[in-house]
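Peer 1: Show me the folded form of this:
(chains A and B)
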Amino acid sequence: MTILHTAVETAPSPLVTERPMVAFEAVTKRFGGADDKSQFTALDGIDLSVARGAITGIIGRSGAGKSTLIRLVNGLEKATSGRVVVDGVEVGGLSENGLRDLRRQVGMIFQHFNLLSSRTAFENVALPLEIAGLSATAIRDKVAPLIDLVGLGDKSDRYPAELSGGQKQRIGIARALATSPKLLLSDEATSALDPETTQSILALLKRINAELGLTVLLITHEMEVVKTIASDVAVIDRGKIVEAGRTFDVFTGAKHETTRSLLSAALGTNLPEWIRSNLKPQPSVGDRVLVRLIFFGSTAFQPLTARLVTELAADVNILAGTIEEIAGEPYGSLVVAYPADPAVTERAERFYAAAGLSTEVLGYVA
Amino acid sequence: MSLDMLFNLLLKALGQTLQMVAVAGLIGALIGLPIGVFLATSGKGELFPAPALNRIIGAIVNAARSTPFIILVVAIIPFTRLVTGTSIGTYAAIVPLTVATIPFVARLAEAAIREVDKGLIEAARAMGATPLQIVFKVLLAEAKPGLTLALTLTLVSLVGYSAMVGAVGGGGLGDLGIRYGYQRFMPDVMLAVVVVLIVLVQAIQSLGDALARRFDKRNRKT
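Peer 2: Purely as a prediction, here's the structure:
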């Protein structure tokens, strides 16, 4: 496939110290009027690097500023201060023409697909090429393989209204790839899709990333998305990056409250409401302690619960638990309860240390 | 009146009406559509931001639309004479009809264009489209069903307006109805005029609806 070859040629040599594909340097974005009162700070001192060739996820709740952040990359929004550098070019310093050139090198996909209802799938994918001024023949040669790439070769002549959500997003992806971009921006691309379709779209993005060497920067509020495909992640909360790094490291060592809450929602380790409302910060006699055990890497495969019961020589309840895969590595989380008796807890501490488990005491229940 | 005479009168009047509606509709649309595009895209933060000019043109459009048509006909007689060299007759009647059509089309076109999903504009911008490319490849293309219905409504309204230009000797079906049917008390002429008008309006509306349906790809079955 022709697209593959161009991608291979531009693939960076691993020996060279790579400059990031996107760098945010002390970026602040304010909306609203000139006076302080009517202003709203959407982004506040963002520093972030997006590695070349990687899939980087930015996760946060709605209103955290992630939509604004991703729109700074292709200049749909302008930073109030700080620099946004895309492949060595500062976006803020570009003229309108320069911006248009940049945008042709940066594809974008959207939550609601944003396909033109008046154009067929083929014509939608052709649009960025028409805009770039390619001839009809060149466009035909380019579009057909892209529609095949996203698996919709037989739907070329269908209008968006005749396609399912997942198919529309596939066309959106083909359209974003039409100008052979070096960077793909994904704005909540799977948020309007059901879980199964989400997985198939994520698999497609992963494949494109691997086959074309395309850098992907995605924003989402779904942990599932980041967990499945992002090798790097940044957690954004109220306009600030609160945690960033390799996805597995960030999730397994989650420090910030936002990361933890996103994580427990996604991993199903949220405690049932009746337990949460009865949690006490301090134990009284006869109480049971609630502990979250987190295991990953090699510990994820050990028969831990069986050993836990033996080692503690006490009754152990399992209240919540899950084993997941984060960025391709197994990650387990188990919430257990056992008597808050000093003898038991001391044996437990010893066992955790020996087994290399990280733990968190959640509270106490009667 | 003999049937033959009635037929000839009707045919002549229909010809005048069609002429007035077609010419005023065409010129009015050609001028009104760009104004509609401007109104829909020149607000603050839009494709061609010019909020001050947007307000001025908006105000002119409103003023023109709130002037009763018959007053407009009389008020612009000097302008009509300047354009056609006369203030009486079918050609002269086309001038006020066109002048009334322009703001009508502009507002309807503006509304149709504003219906286009803002996400599409953003997507086009993200592709590196120029504002003009966005207008032609996105806004006008996506608004085509709405614009077709807007033009249909314009033509239907023009048929109604054209009935009033009998006041300046414009002729046409409405004029025939008033002069023969009403003033000379010939109910058969009135009836015939009304029937022809109904058929004409129906035809325009049906044609417009069919075209709009053909352009509209939004509600196709999956």
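Peer 1: Select the longest helix from chain B.
Peer 2: helix B:3-41 (DSSP state H).
Peer 1: Identify each buried residue in it, please.
Peer 2: For helix B:3-41, burial by neighbour count (16 or more other Cβ atoms under 10 Å in any protein chain shown) applies to B:6, B:9-10, B:13-14, B:16-17, B:19-21, B:23-25, B:27-29, B:31-33, B:35-41. C-beta here means a position set from N, CA and C on the backbone, and glycine is covered the same way.
Peer 1: Backbone dihedrals for residue A:59, please?
Peer 2: When read as degrees, to the nearest 10, the backbone of residue A:59 gives phi -120, psi 140.
Peer 1: what helix or strand does the nearest residue to it once chain neighbours are set aside sit in?
Peer 2: Excluding the flanking residues, the one nearest residue A:59 by Cβ to Cβ, 6 or more residues apart in numbering or on different chains is residue A:226, at 5.1 Å. Using DSSP states H and E, residue A:226 sits in helix A:223-229.
Peer 1: burial of the closest residue to residue A:115 other than its chain neighbours, as a residue count?
Peer 2: Counting by Cβ to Cβ, 6+ apart, the nearest residue to residue A:115 once its immediate chain neighbours are dropped is residue A:160, at 4.3 Å. For residue A:160, the count of nearby residues is 22 (other Cβ atoms under 10 Å in any protein chain shown).
Peer 1: just to revisit the earlier point, how much space between the residue nearest to residue A:59 and residue A:236?
Peer 2: According to Cβ to Cβ, to the nearest Å, residue A:226 and residue A:236 sit 12 Å apart.
Peer 1: Now for those two: what residues contact both?
Peer 2: Common contacts of residue A:226 and residue A:236, defined by Cβ atoms under 8 Å, 6 or more residues apart in numbering or on different chains, comprise residue A:59.
Peer 1: Chain B against chain A: which residues are in contact?
Peer 2: Residues of chain B lying close to chain A by Cβ under 8 Å from any Cβ of the partner chain are B:117, B:119-120, B:122-130, B:133, B:137-138, B:141-142, B:144, B:215, B:217-222.
Peer 1: Just the buried ones from these?
Peer 2: Applying 16+ other Cβ under 10 Å to those flags B:120, B:122-130, B:133, B:137-138, B:141-142, B:144, B:215, B:217 as buried.
Peer 1: quick one: stretch A:188-203 near chain B?
Peer 2: No: using Cβ under 8 Å from any Cβ, stretch A:188-203 stays clear of chain B, coming no nearer than 11.6 Å.
Peer 1: Any idea how far apart the tips of that stretch sit?
Peer 2: Stretch A:188-203 has an end-to-end distance of 15 Å (Cα to Cα, to the nearest Å).
Peer 1: So what touches it?
Peer 2: A:67, A:109-113, A:164-166, A:169-170, A:172-173, A:205, A:218-222, A:224-225, A:228-229.
Peer 1: how close does the spatially most central residue of chain B get to residue A:72?
Peer 2: Centroid check for chain B by Cα atoms, centre = their mean gives residue B:154 as the closest residue, at 3.1 Å. Taking Cβ to Cβ as the measure, residue B:154 falls 43 Å from residue A:72.
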